[in-house]
Structures are given as structure tokens and as C-alpha cells.
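A.B. asks: just to be clear, the model below is a prediction. Sequence and coordinates:
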Amino acid sequence: MTSSWRLVDNRSAIDESAVGAWSRRGVMAGLLGCGACGAVGMPSAGSSDDVSTPLKRASTLPIGCCMATGDLADAPLLALIKRNFSQITPSYEMKMGVILGPDGKCRFDAGDQLAAFAQANKMRLHGHTLVWYNIQPAYFAALTKDAAAFSRAYRDYITTVVGHYRGMVSGWDVVNEPVAPDGNGLRDSLWSRQLGADDYIATAFEHATSADPGAIAFLNDYGMEANATKRRTFLALVERLLKRGVKIGGIGTQTHISVDLAPGAAASAIADLASLGLPLHVSELDITVGRGRAASDAALATQAQRASEVVDAYMRLPASQRYAITLWGARDRDSWLRKPPYDPASDRPSPFDDNGRPKPMLAAMISSLKSRQ
Ligand code: XIL
């Protein structure tokens, strides 16, 4: 891979100098400063507002979806992804569980396949994720009695992985899901116990931003729509870290929501999370119709309304704060919510149905994207 495609193709939609300025300015300055920042440079909308317009063509910002290496053998899915999306996030292949071997060595073959797909199709690549409570490898667990060795291994893992993908990714979810599920405080994990509650996050950002200063360093979490306490805890954490000089470059809000979410809650969350002035990534959008419940036409209509609400709220942000909207599964059957322990049979959380046909959710997203450039 040459360095030119990395920088030109995968980063063309983001004004990097503006992003660097944000992360330094942070919340302290209390300024959005967005008038000076470049708008993202994706193709502009066409004239038709029906579902014949590819999602990415309806949009002035990158529209992403998650992808796994298994998807590379699914020709209809690949065609749908190439037509509709301008960014991919590996579902699992850039997580520690895949990359880190029991010997402490890194294996990049799976992630590299997806990076090559992104390169070949001129799509941006979003890195997901360096540190996650959910993956606590035996290699690290074995080092807990030696604090210095643990810290070194933590640094080496982050710098090796970020260094490997340096220039290929537009951003990294540096830490994923740091807040406790109920929103009361931070999550307990191998990392927090070993390195300290705020410190494991601060250290991860320091290592990641020094290994690739050009990648936007995101803090990513979920469940901030219905739970205002969780949102407050998350934002307080971001402010605390910015105050101590940690270069958080963006906020990721996964946006795994439900048709049962109160109208307005998703929009409020987006506005609130953007209030610090950092770029925002709707990083894993899906809208469950309810686990175990058949998806009625009414539920799919509500799903479309919620999708519009998310896109409308996002498009009300200054253009320079819009990093991307990423769907977590292009077709219903590609969704993690269709796998155990969730609902293998019947959930329909995505914009395309099991056969890749457009759903009302897709039409709603296209229409909202086009109406707010
Ligand atoms: C999920 C993937 O979709 C699955 O394929 C994998 O088996 C487990 O992880 N929040 C996240 C994502 O940040 O990494 C999760 O992705 C979904 C929830």
C-alpha cells in the first residue's frame, strides 16, 4: 500500500487541520469555531428523492456501514455496500480479540483484508476499537502482577496497532464503552483496575494520538439517548479528560436505538453530545423493532421516523462537526441483533431487508439527508 492513497483517499472528507484545532481547543475555549472549518467533501445530492438514489449519493458526509471479512465472499452484499456506502468500520477485525495473539504478537491479516477493500473502493476506513472492557485477553491478565510490564504491553499494543494502520484510517475508537451500563460512574474492567479509572483512557489516547496524529481519536459509547445520567457521565468524562490535556478528537455515539424510544430522545442526545464542539460520529446506528416481536408495517414506519429524526438532528450540526453516520449492518440479516444472544429470528434493525431491498428506513434517511445538506 502506498502512502498517497491512504492520505488522499481515506481522509479527503475531513479537514484535518480543523480537527487538530478542535482537539486542542476542546471544551475549555467554549467555541465551536466551525465557521472556519471546511465542510466535508462528498458527492452532492441528486434530484430524485426516492430509494433509487444510493445512500452515499444523497449525502454530503461519509455514510458508513460495518463489515466483516466473511462479507467479502457475499457478492450481493458487496454490491450493495459499494453502491450505498463511502466508509466501512470492521465489525471485529481491528479489535484486540482478533489482533493480539496469546504470545503478545499482533496479527493484522483480517483487518488488512478490510483495509484493502476500503482502499480498492475508495472508501474511508474507521478503526474500531483499541481498548474495550469486553475484550480482556489472557496475555494481559497474566501481566497484572507486574505493573510496569502491563503498562509497557498496553503502550506497545496501542502504538503497534495504530502505527500499522497509520494513514489508512480516518479515525479510531480509542476507547469503547467507558461508562457503566446504568450511567453511574465508569465501567470496571481489567484496564481500569490495572491502570486507573480515568488514567487507562487518558493513557490510551496519549499512545494513540502520538502513534497517528492524523487520525481523529474518538471516545465511543452507547445508550445515551434514553439515559440522561449516562450521557452526563460521558460528557463529564470527556470534559475532565480535555481539561487535563488529553487529545480527544471526537465523540462516537453508537445509537443502537429502538422503535420504542421516546420521540425526540435521539435528537436531544445528538444535540447534547455535540455541545462540546467536537466532531460527532453516529457510529453504529441500528433501530431494533423489538426482540422477539414480528416487525409490523407500523413498527417499520416508526423505525423510519426514528431514522429521520437521527439524520435530521445530525444534519443540524455544523458541517464541520459531522464526521459520518455509520449503520451497524446494511441488511437486516447482517445485524448483530440477528445473532445470539439477541434475536436470530425476527429483528429488522437495518435500512435494507434480508434480500437487500430498501425499507422505509432507507427512504427516510435518503430524504432527510437530501433535505439538509
Ligand atoms: C459487535 C459485532 O457486530 C459482532 O459481529 C461481534 O461479534 C461483537 O461485536 N457495540 C460495539 C460493537 O461497539 O463493537 C459491537 O459489535 C456491537 C455493540
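C.D. replies: Received, thanks.
A.B. asks: which residue ranges form the strands in the stretch 1-150 of the chain?
C.D. replies: 63-67, 87-90, 124-132 (DSSP state E, counting those that start in this stretch).
A.B. asks: next, format those as TSV and append mean neighbour count and distance to residue 352.
C.D. replies: Using the backbone N, CA and C atoms, a C-beta is placed for each residue, glycine as well. Shown next, in TSV, are the strands of the stretch 1-150 of the chain (neighbours: other C-beta atoms under 10 Å; distance: least, C-beta to C-beta, whole Å):
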stretch	mean neighbour count	distance to residue 352
strand 63-67	27	10
strand 87-90	26	15
strand 124-132	26	20
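A.B. asks: can I get the ones you listed in JSON lines with distance to residue 151 and mean pLDDT?
C.D. replies: Shown next, in JSON lines, are those (distance: least, C-beta to C-beta, whole Å; pLDDT from 0 to 100):
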{"stretch": "strand 63-67", "distance to residue 151": "31", "mean pLDDT": "98"}
{"stretch": "strand 87-90", "distance to residue 151": "27", "mean pLDDT": "98"}
{"stretch": "strand 124-132", "distance to residue 151": "13", "mean pLDDT": "98"}
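A.B. asks: burial of residue 120, as a residue count?
C.D. replies: A count of neighbours around residue 120, defined by other C-beta atoms under 10 Å, yields 11.
A.B. asks: distance check, whichever residue of the chain sits closest to the ligand against residue 312.
C.D. replies: Here the chain gets closest to the ligand at one residue, residue 336, 3.5 Å apart by C-beta to the nearest ligand atom. Using C-beta to C-beta, to the nearest Å, residue 336 is found at 26 Å from residue 312.
A.B. asks: same deal with residue 362?
C.D. replies: Between residue 362 and residue 312 the computed distance is 15 Å (C-beta to C-beta).
A.B. asks: compare those two (neighbour count), which wins?
C.D. replies: Neighbours were counted for residue 362 and for residue 312 using other C-beta under 10 Å; residue 362 has more, 23 against 18.
A.B. asks: what's the angle from the helix or strand containing the more buried one to strand 63-67?
C.D. replies: Using DSSP states H and E, residue 362 maps to helix 360-371. In terms of direction (axes from the mean of the first three to the mean of the last three C-alpha atoms, to 10 degrees), helix 360-371 departs from strand 63-67 by 150 degrees.
A.B. asks: residues making contact with helix 360-371?
C.D. replies: 45, 49-51, 53, 55, 58-60, 63, 287, 300-301, 303-305, 307-308, 311-312, 315, 350-352 (C-beta atoms under 8 Å, 6 or more residues apart in numbering).
A.B. asks: show me what counts as buried in it.
C.D. replies: Under the neighbour-count criterion of 16 or more other C-beta atoms under 10 Å, helix 360-371 has 360-370 buried.
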